[in-house]
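# Whatever this is, show me its structure:
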Amino acid sequence: MPSVRRHTWVLLGGIVAFMLATAFINSWVNPLRVIPSPWSDPSFEPYRDISSQIRTGKAGLVRSHDQVDVAFLGSSRVENGFDPEMQEWNNLEVLNLGCSGGYIYETRGIADYLLERNSPSILFCGIDPGDLSRPMDSRDKSDFYASPFARNGDTIDRELRYLLGVSSLENSLETINRRAKDRRSPYTPRGLRGVDEGIDQGSQLGFIRRQLIGNAFSQEGTTANTKIVPDKIEALRDLMIKARTSGARLIIFFHPQHAIMLASLEDQDDPPVFFANERAVLIDLVDQVNREESAGPPVELWDFFDFHPINCEALPLGDTSRMTFWDDLGHFSVPVGNAMQARMMGWPVELEGAEDYGTPLSKETLPQREAEVREGYRAYLEGPRRGDVLWKEELINRKSGP
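Predicted coordinates:
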């Protein structure tokens with residue numbers, strides 16, 4: 001019996017020692033920034049990779065800042081394209097809280113979390129074309145419900161997992177390894193997602209081929225007849241009201257995408273206005289919210305989805321070339337994201353040709369805006385980029401043929 005008792009104590013002692021060591025390592029490295037402690041080592045900061053738990057990592061950014069002055073909200077288009085370290089922000093605390101694959105329900109949850117803990121003066125909220133007319137809820141397809149952004153679940157259990165969990169330990173050891181090899185995280189300490197060092201990005205044209213084919217066989221409605229999802233409008237309304245109540249300046253913007261994604265030569269005689277219903281409902285919603293008395297300034301609405309030359313950039317000529325303004329057909333580059341920030345803030349625009357990129361949107365400007373979009377689409381189909389559209393349609397026809 002003494003031998004059994006001794007082995008039991010040794011086993012229990014080993015478990016306790018492992019838990020204490022795990023807790024120390026996780027709080028020392030703090031890989032997702034959710035468990036800051038006095039002994040957390042700031043030298044790990046550029047090596048903390050939140051790729052495996054993006055929502056938890058973005059919540060960690062909020063937790064690790066006593067004050068957040070400006071925040072970017074939205075999907076991977078924001079996450080990859082909006083640089084929180086633009087020099088024009090000077091000494092303001094700016095965070096990129098965009099999340100890959102995250103749409104309006106997640107954006108609302110992230111905004112709630114931020115506003116409960118901080119008093120930002122400016123919020124940018126990107127709306128993906130098609131999101132308001134797709135019933136899809138991205139929260140159960142990501143780590144949202146396992147993150148502090150979720151309002152369900154056992155909070156104590158979640159916090160213990162951050163401190164004692166094996167997955168947290170794995171993240172800590174990976175961060176230690178990254179620092180040892182000086183391999184920086186693809187995420188900056190303020191949340192912008194870049195390229196992971198040492199990983200081959202492959203052919204941009206090859207990715208575009210796959211993107212066009214996938215889009216052609218899964219494309220949903222994009223015209224004025226698209227049905228809007230009421231719950232998403234209510235989620236966005238709630239976000240707007242809470243932002244205004246907090247006193248924040250809220251700027252909503254409709255994301256751009258490359259013109260080739262939806263272009264069809266069949267549209268040349270009568271070009272449609274893609275996502276017309278989504279623009280219209282956004283205008284109505286902003287107008288309704290702005291009519292209510294509130295502590296904050298009126299919500300602003302911008303539109304970047306059109307046939308501006310930036311959105312009509314020529315496709316890569318081969319597998320070794322790349323576009324300047326686009327990482328792929330849905331994700332603009334950081335210089336374009338910086339130009340969008342500058343346009344919405346009224347700053348000088350550094351990117352040549354982007355001085356007139358995007359426009360404020362309202363009931364008064366909508367008819368002119370739709371006319372501009374139609375004519376821009378017609379010019380795209382008739383102009384020098386017509387060859388890109390022909391190439392796209394030949395590609396799709398080959399894949400869909402017998």
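
# Which helix in the chain has the most residues?
Using DSSP state H, we find that the single longest helix of the chain is helix 2-29.

# May I see the buried residues of that one?
For helix 2-29, the neighbour count (16 or more other C-beta atoms under 10 Å) marks 22-23, 25-29 as buried. Just so you know, the C-beta spots here come from the backbone N, C-alpha and C atoms, and that holds for glycine as well.

# Which residue ranges of the stretch 51-200 of the chain form strands?
70-73, 94-96, 122-127 (DSSP state E, counting those that start in this stretch).

# Name every strand pairing with the shortest one and say which way it goes.
Partner strands for strand 94-96, per DSSP bridges, with pairing direction: strand 70-73 (parallel).

# what's in contact with the partner strand?
Here strand 70-73 makes contact (C-beta atoms under 8 Å, 6 or more residues apart in numbering) with 78, 82, 84, 89, 92-98, 107, 110-111, 114, 120-126, 191.

# Below-threshold pLDDT in the stretch 51-200 of the chain: ranges please.
When residues are selected by pLDDT under 70, those of the stretch 51-200 of the chain lie in 153, 196-200.

# Backbone dihedrals for the spatially most central residue of the chain, please?
Central residue of the chain (C-alpha atoms, centre = their mean): residue 75, 2.6 Å from the mean position. Phi and psi for residue 75, reported as degrees, to the nearest 10, are phi -90, psi -160.

# which residue sits closest to residue 330, ignoring its sequence neighbours?
Spatial nearest neighbour of residue 330, chain neighbours left out: residue 257 (5.1 Å); criterion: C-beta to C-beta, 6 or more residues apart in numbering.

# how many other residues sit next to the residue nearest to residue 150 when sequence neighbours are not counted?
The shortest distance from residue 150 to any non-neighbouring residue, by C-beta to C-beta, 6+ apart, is to residue 144 (5.9 Å). Neighbour count for residue 144, taken as other C-beta atoms under 10 Å: 23.

# Tell me who's in contact with residue 144.
Residue 144 is in contact with 55, 99, 102, 106, 109, 138, 150, counting by C-beta under 8 Å, 6+ apart.

# how many other residues sit next to the nearest residue to residue 117 once chain neighbours are set aside?
Spatially, and ignoring its direct neighbours in sequence, residue 117 is nearest to residue 62 (6.0 Å; C-beta to C-beta, 6+ apart). Neighbours of residue 62 under the rule other C-beta under 10 Å: 22.

# Check residue 342 too.
Residue 342 has 19 nearby residues by other C-beta under 10 Å.

# element containing it, please.
Per DSSP states H and E, residue 342 falls inside helix 334-345.

# How about residue 284?
helix 276-291.

# Flag the shaky bits of the stretch 301-402 of the chain, pLDDT-wise.
Ranges of the stretch 301-402 of the chain meeting pLDDT under 70: 400-402.

# quick one, helices of the stretch 101-250 of the chain?
Counting by DSSP state H, counting those that start in this stretch, one finds helices in the stretch 101-250 of the chain at the ranges 104-117, 155-164, 166-181, 204-216, 230-246.

# winner for burial among these?
Among the helices of the stretch 101-250 of the chain, helix 104-117 has the highest mean neighbour count (mean count of other C-beta atoms under 10 Å), at a mean of 22.

# Now do the longest helix of the chain: distance to the chain's middle.
41 Å (C-alpha atoms, centre = their mean, to the nearest Å).

# Just name whatever secondary elements it is in contact with.
In this structure, helix 2-29 packs against helix 155-164, helix 166-181, with contacts taken as 3 or more C-beta pairs under 8 Å, 6 or more residues apart in numbering; DSSP states H and E.

# hmm, back to that, name only those of the contacts of residue 144 that count as buried.
Buried subset of the contacts of residue 144 (neighbour count, 16+ other C-beta under 10 Å): 55, 99, 102, 106, 109, 138, 150.

# State the distance from the last one to residue 374.
It refers to residue 150. 42 Å (C-beta to C-beta, to the nearest Å).

# ok, now the first one?
When distances are taken as C-beta to C-beta, residue 55 and residue 374 turn out to be 39 Å apart.

# Brilliant, that's me finished.
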